[in-house]
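K.L.:
Starting from these lines, generate the structure:
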Amino acid sequence: MKTAVVVGLGKIGLPLAAQFASKGMRVIGCDVLVEVVESVNAGKAHIREEAGLDEAVASAVRAKRLSATTDTTAAVQQADTVVVIVPLMVSPDRTMDYRSLDAATRAVGRGLKPGTLVVYETTLPVGTTRRRIAPMLEKESGIKAGAEFHLAFSPERLYAGRIFEDLRRYPKIVGGVDDASSKAAVAFYESVLDAEVWAVENRSLPKPLIATSTSPSPTSSPCTPRAGRSTSPRLSRPRTPSLTRTSTGRASASAATASRCTRTSSSAMPPTAS
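P.N.:
Reported below is the predicted structural model:
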């Protein structure tokens, strides 16, 4: 039985842990809050608004497929796959507070072993996985991303209160820092989700990360709906790579057309290239 570690047992993390366990994975959930860990180990969900979560957690704990701990490093040492879903806090002036994410990343890195897949489901600014997360994991672990461990990103596109429904409904979009990482992430999600999984060809992004004066303003949408498609409101981000579906089922993202967005066959948004 393969082991998945979910770092962050909040509104998204705990349902993900229960979902992975329901597919036969041994899952270790990690959280800094002792009361959360104790609740999960007792077979109880501390998230109250998610339909079906109480029974999913109870069932997984009874089957000994789900447990929780505050020791992230020890859990990662046992993991085949690590999914990080720790919140990135943003202040009203749009300053990002990475402290929680960085602490979780360092803890993951200290337990990381060769061959492990690490996926970030936290929604991050463009380039963060490659330029911030990868060096931090490499420093703490002493091994190289892409060469010795797999590193990928797949920002969650789920609504609290209907997470299990969304996991079945929306295609899962994943991208890796290299082809091998993308393939490993696709294989993992195909084993734990019922929805389609699409890989993104994620080319290097130009510097700087911060938009120039010619970039779309925060109040304007960089996306122009394609002819014949719905124009209903949806979330958008400046400089999100365009996403197209190829005949082989792979998705393609190009930084050269980063200001254009194409809508997928569902209302799920493609991830920010990281």
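K.L.:
which residues of the stretch 51-200 of the chain score low on pLDDT?
P.N.:
Applying pLDDT under 70 to the stretch 51-200 of the chain flags the ranges 159.
K.L.:
ok, the most centrally placed residue in the chain - contacts?
P.N.:
Of all residues in the chain, the one closest to the mean position by C-alpha atoms, centre = their mean is E121, 1.4 Å from it. By C-beta atoms under 8 Å, 6 or more residues apart in numbering, the contact set of E121 is I12, L16, V83, V84, I85, F153, S154, P155, E156. Every residue, glycine included, has its C-beta placed from N, CA and C.
K.L.:
How about T73?
P.N.:
T73 touches A107, V108, R110, G111, counting by C-beta under 8 Å, 6+ apart.
K.L.:
In helices, which of the residues you listed appear?
P.N.:
Of the positions in the contacts of T73, A107, V108, R110, G111 sit in helices, assigned by DSSP state H.
K.L.:
Closest one of those residues to E190?
P.N.:
Top of the list for closeness to E190, among the ones in helices among the contacts of T73 and by C-beta to C-beta, is V108 at 22.8 Å.
K.L.:
beta partners of K172?
P.N.:
V197 (DSSP bridges).
K.L.:
What's the separation between it and A147?
P.N.:
To A147, K172 is 25 Å away according to C-beta to C-beta, to the nearest Å.
K.L.:
of those two, who's got more company?
P.N.:
More crowded of K172 and A147, by other C-beta atoms under 10 Å: K172, with 23 against 11.
K.L.:
What about the ones in helices among the contacts of T73, which one has the most neighbours?
P.N.:
Neighbour max across the ones in helices among the contacts of T73 (other C-beta under 10 Å) = V108, 28 neighbours.
K.L.:
What sits closest to that one if chain neighbours are left out?
P.N.:
Setting aside the residues directly before and after it, V108 is nearest to V76 in space (C-beta to C-beta, 6 or more residues apart in numbering), at 5.3 Å.
K.L.:
residues near the one you found, how many?
P.N.:
Other residues close to V76 by other C-beta under 10 Å number 24.
K.L.:
just D179 next, same as before
P.N.:
Quick note: D179 (other C-beta under 10 Å) scores 11 neighbours.
K.L.:
G142 now?
P.N.:
Here the number of neighbours of G142 (other C-beta under 10 Å) works out to 10.
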